[in-house]
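K.L.:
quick one: sequence and predicted model below, then my questions.
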Amino acid sequence: MSLIYLDYAATTPVDPQVAARMAQHLTLDGVFGNPSSTTHALGRQAAQAVETARTQIAALINADPGDLIWTSGATEANNLALFGAMRANLRKGRHLVTAKTEHKAVLDVGRRLMQDGYSVTYLDPDPDGRIPLERMAAALRPDTVLVSLMHVNNEIGVIQDVAAMGALTRERGILLHVDAAQSAGKLPIDLRTLPVDLLSLSAHKLYGPKGIGALYVRQRPVRVRLEPLLYGGGQERGLRAGTLPTHQIVAMGEAFRLAGEVMDVEQHRIQELRDRLWRAFAALGDVALNGSAEYGVPGILNVSFAGITAEALLTDLPQIAVSTGSACTSAGNEPSHVLRAMGCDAVRARGAIRFSLGRWTTVEEIDLVAEAVTIAVHRLRELSPKWDQQRQT
Ligand SMILES: *Cc1c(COP(=O)(O)O)cnc(C)c1O
């Protein structure tokens, strides 16, 4: 059996249509010019391609194209949003509010800011991974500059109510940054109505290439002030210097355009596949859903099978590509910081497996995975003396 890929939340393959667009902007016969070279047609064509892509991305999130800054991905977008906004608004204060369930690209920036004398509040989630509005409200202070919350969690797929959060922050003159790496193209995002000031995007979670993303920086009604991380050629309104990677940018544009076209149908199809997989797992008994049954994206299913470590199960299933914890942290052997923050005990956290589905997941694959996991869980539970004891008591 060939490998079944259920790790779309870690990264996606590039859509062939996207790869074709990308290839047109690399070689001598293509649009390879530097978008800043306004002295000749090739540069101007490249600049035109970059602006088309900006418009395509803006269209998916209903934003003004002029509010998008290219970055190398969501990691850099998060860094620019947090360092940038905190450093540019010292007169307001030095306090940042975020959550314990954020991506490391936010948590680690918070830690660095603390070393620089900023103060950071890390909010606890409820057991289902959601941050209650009242808890966020209670953390806000007169010197709070920025709140940073992810829209959809990459490990458990939980959706935060960023509209309600934004209403609160806006009312108090506090900036809201949203990491939308896992939600863009999967949930509707409308920045004309959402009170969000900064928003991070990544191409490779949405069938674009790795190494390209964007930060939305609102200019209306109030212009968000940011201090750049990179200085140089003055590209991107001076907020992000460096020659624009035309091929990456047009690819991201095409990926986001495609996503807008297929989102509704695709998400509906993926939701049905995830429900099918969950029904098969639930039939095994003693299976816990990590996350929220009510507020989750279709593509992510995070579960713990009682009595079994994720490591043991995955060793039994080399033909299935999934994640334990999240891909970014599974290099270390720590149980997931997200699950621990939600109050999961270490055993359940170590047993957690993330199945993430995407554009090319088929019903046949889901049925094969359900069957293979069922056999492996039965086998491992029979081997486990601890599980026997648990069952008998
Ligand atoms: C993948 C991911 C990131 C990092 O994005 P890159 O483009 O790989 O740097 C940040 N936040 C979330 C929620 C993610 O899923």
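P.N.:
Nice, I can see it.
K.L.:
could I get the contacting residues of Asn78?
P.N.:
His103, Ala105, Val106, Val109, Ser148, His177, Asp179, Ser200 (C-beta atoms under 8 Å, 6 or more residues apart in numbering). To be clear about C-beta, it is placed using only N, CA and C from the backbone, and glycine gets the same treatment.
K.L.:
element containing the residue nearest to Arg170 when sequence neighbours are not counted?
P.N.:
Leaving aside its sequence neighbours, Arg170 sits nearest to Pro195 (C-beta to C-beta, 6 or more residues apart in numbering; 4.3 Å). Using DSSP states H and E, Pro195 sits in no helix or strand.
K.L.:
same thing with the one 4 residues further on?
P.N.:
Taking DSSP H and E as the definition, one finds Leu199 inside strand 198-202.
K.L.:
show residues contacting that strand.
P.N.:
Residues contacting strand 198-202 (C-beta under 8 Å, 6+ apart): 57, 61, 63, 73-74, 77-78, 81, 85, 175-181, 184, 189, 191, 212-218, 224.
K.L.:
let's see it at 7 Å
P.N.:
By C-beta atoms under 7 Å, 6 or more residues apart in numbering, the residues outside strand 198-202 that reach it are 57, 73-74, 77-78, 81, 85, 175, 177-181, 184, 191, 213-217, 224.
K.L.:
the residue of the stretch 201-350 of the chain found nearest the ligand pairs with what?
P.N.:
The nearest approach of the stretch 201-350 of the chain to the ligand comes at Ser202, 3.3 Å away (C-beta to the nearest ligand atom). Legend: beta-bridge partners of Ser202 under DSSP bridges are Gly213.
K.L.:
and it, how many residues sit next to it?
P.N.:
Ser202: 28 surrounding residues under other C-beta atoms under 10 Å.
K.L.:
just the closest of the contacts of Asn78 to Ile300, please.
P.N.:
His103 (13.8 Å; C-beta to C-beta).
K.L.:
that closest one: what's it in contact with?
P.N.:
Met150, Asn154, Asp179.
K.L.:
how many neighbours does the nearest residue to the first one once chain neighbours are set aside have?
P.N.:
Leaving out its chain neighbours, the residue that sits closest to Met150 by C-beta to C-beta, 6+ apart is Asp179, at 4.1 Å. Summarising burial for Asp179: neighbours were counted as other C-beta under 10 Å, giving 29.
K.L.:
where's Asp179 relative to the ligand, distance?
P.N.:
5 Å (C-beta to the nearest ligand atom, to the nearest Å).
K.L.:
for that residue, which residues make a bridge with it?
P.N.:
What pairs with Asp179, by the bridge criterion (DSSP bridges), is Met150, Ser200.
K.L.:
so what's it up against?
P.N.:
Ala74, Asn78, His103, Val106, Met150, His151, Ser200.
K.L.:
circling back: show me the contacts of Asn78 that map onto helices.
P.N.:
When the contacts of Asn78 are checked against helices (DSSP state H), the matches are Ala105, Val106, Val109.
K.L.:
turn those into JSON lines, columns for pLDDT, neighbour count and distance to the ligand.
P.N.:
Shown next, in JSON lines, are those (pLDDT from 0 to 100; neighbours: other C-beta atoms under 10 Å; distance: C-beta to the nearest ligand atom, whole Å):
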{"residue": "Ala105", "pLDDT": "97", "neighbour count": "22", "distance to the ligand": "5"}
{"residue": "Val106", "pLDDT": "98", "neighbour count": "26", "distance to the ligand": "7"}
{"residue": "Val109", "pLDDT": "98", "neighbour count": "24", "distance to the ligand": "11"}
